[in-house]
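>>> For reference, the sequence and a predicted model appear below.
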Amino acid sequence: MSTTQVEHDHTHELVIRWRRHELRRAGYDSKQASQLAPRFDVDLHHAVDLLRQGCTPPLAMRILL
């Protein structure tokens, strides 16, 4: 594996961790945040906004996935 690939993988993992943290902070439980974090087809801001607008995490999960 090249140095560039290792750096890319590390950066990718850092982004997923940050997304997981932000989802947990917004109100998703650990399992939900772990499901959503690596899904780059799920807009993080939309996921957070759903909860801010009063959606429950289970309903938000159904909407997002």
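The structure has been received and is ready for your questions. Keep in mind it's a predicted model, so treat the numbers as computed, not measured.

>>> Secondary structure element holding I16?
Element membership for I16 (DSSP states H and E) is helix 3-26.

>>> which helices and strands does that helix pack with?
Helix 3-26 makes packing contacts with helix 30-36, helix 44-52 when contacts are defined by 3 or more Cβ pairs under 8 Å, 6 or more residues apart in numbering; DSSP states H and E. C-beta here means a position set from N, CA and C on the backbone, and glycine is covered the same way.

>>> So which residues make contact with it?
Contacts with helix 3-26, where a contact means Cβ atoms under 8 Å, 6 or more residues apart in numbering, come from 30, 32-34, 36-38, 44, 47-48, 51-52.

>>> ok, these vs L64, which is closest?
A47 (5.7 Å; Cβ to Cβ).

>>> Any figure for the gap between that closest one and L14?
Distance, A47 to L14, using Cβ to Cβ, to the nearest Å: 19 Å.

>>> How about H45?
Counting by Cβ to Cβ, the gap from H45 to L14 is 19 Å.
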